[in-house]
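# I would like the atomic coordinates for the input below:
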Amino acid sequence: MSNPKPTIDNKPSSSPTSQSKVLKNDHNYKTILSGGFAGMISKTCTAPLERVQMLNQTGATQASIMSTLKKIWMEDKIRGLWKGNVANCIRVFPHKTILFAFNEALLKQFPSNHTSYAFITGAISGLLATTATYPLDVIRAMLSGTFDKNSTMRAVFKVITHDKGFLGLYTGLSVTCIGAVPYEATRIGVYNVLRPYIPTTHTRFGNEPHPIGKMLTGAFAGACAGFVTYPTDTIRRMLQVQSADGMPKYKGVIDCVVTTLKKKGILRFYRGLSAKLVRVVPDAAILFLAYESLKDYFDD
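Predicted coordinates:
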């Protein structure tokens, strides 16, 4: 017996009432914005780990996770652990709103009994969301990917546009999109494929997959996506922080890849992977759980 399509945005329902609730709230802006709020929550919770990952990727440090955290704490205390998080949240809110809104709209164009289409919709949605919010990602990378204490969003914006013009805000966009497509395709696709197998529990919203199951499934999906696309993520970080003092300069994506391979070898592209995996597991777990919980709350 086949189940209705259980996706993060089109959950199975067991009664006409719950079905009508979904239709009634189909265009509810609150449910669309749930993706944005969920993204801010997940990024804020995992901001210290993300900063460690970015410092390793950009080359600002080669220390372990704990050593990097200690260095950040010694230089700027708790503020340093969340440095760049405001810029990240400003970026994440529209990014996740666009991501989940387009994914939800695109999924409705496919047959409801094939969760594998989520790989396609995730890729397209990820590409659109990444392109739309990319300048904010570049600014955030400059704030979080170096140990410069005096940078602000405004100051970073001026430095980038002064050095490279407005197009400098799109440095590394091509490699980012190359990474964003398989990343969101994997993360959203894996989650949707595995979601039907999560044990259900009765809630005031009806029978729903268990929250712990959602978190574990989201965590696994995030880990898969992070591992598959990590080299492209490292390359884009290296390109994004070129304008910072003391950072290597590259002529483009190919020059960055070739130069790095010659000097550091293939493992350079995996520097900070442990911090990435430690971060994406709780990040994806919190993201999917928060998104579904907020949608249920707003739909109620």
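
# Please, where are all the helices along the stretch 51-200 of the chain?
Secondary structure of the stretch 51-200 of the chain, counting by DSSP state H, counting those that start in this stretch: helices at 65-81, 85-107, 118-144, 153-164, 173-194.

# Out of the ones you listed, flag the one nearest residue 42.
Closest to residue 42 of those is helix 85-107 (Cβ to Cβ; 8.2 Å). Quick note: C-beta positions are derived from backbone N, CA and C, even for glycine.

# elements contacting the helix ranked longest in the chain?
Looking across the chain with DSSP state H, the single longest helix is helix 211-240. In terms of contact count using 3 or more Cβ pairs under 8 Å, 6 or more residues apart in numbering; DSSP states H and E, helix 211-240 is assigned the packing partners helix 47-58, helix 118-144, helix 173-194, helix 253-264, helix 273-299.

# So which of these is nearest residue 32?
helix 273-299 (9.3 Å).

# counting contacts, what elements does the closest one pack onto?
In terms of contacts (3+ Cβ pairs under 8 Å, 6+ apart), helix 273-299 is packed against helix 29-45, helix 47-58, helix 65-81, helix 85-107, helix 173-194, helix 211-240.

# List the buried residues in the last one.
Of the residues in helix 211-240, those buried under the neighbour-count criterion (16 or more other Cβ atoms under 10 Å) are 213-226, 229-240.

# how about residue 201, secondary structure?
Applying DSSP: H, G, I helix; E, B strand; the rest coil to residue 201 yields a three-state assignment of strand.

# returning to that earlier point: switch the helices and strands packed on helix 211-240 over to a markdown table; also include mean pLDDT and mean neighbour count.
Conversion of the helices and strands packed on helix 211-240 to a markdown table gives the following (pLDDT from 0 to 100; neighbours: other Cβ atoms under 10 Å):
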| stretch | mean pLDDT | mean neighbour count |
| --- | --- | --- |
| helix 47-58 | 81 | 25 |
| helix 118-144 | 89 | 22 |
| helix 173-194 | 90 | 22 |
| helix 253-264 | 90 | 14 |
| helix 273-299 | 87 | 21 |
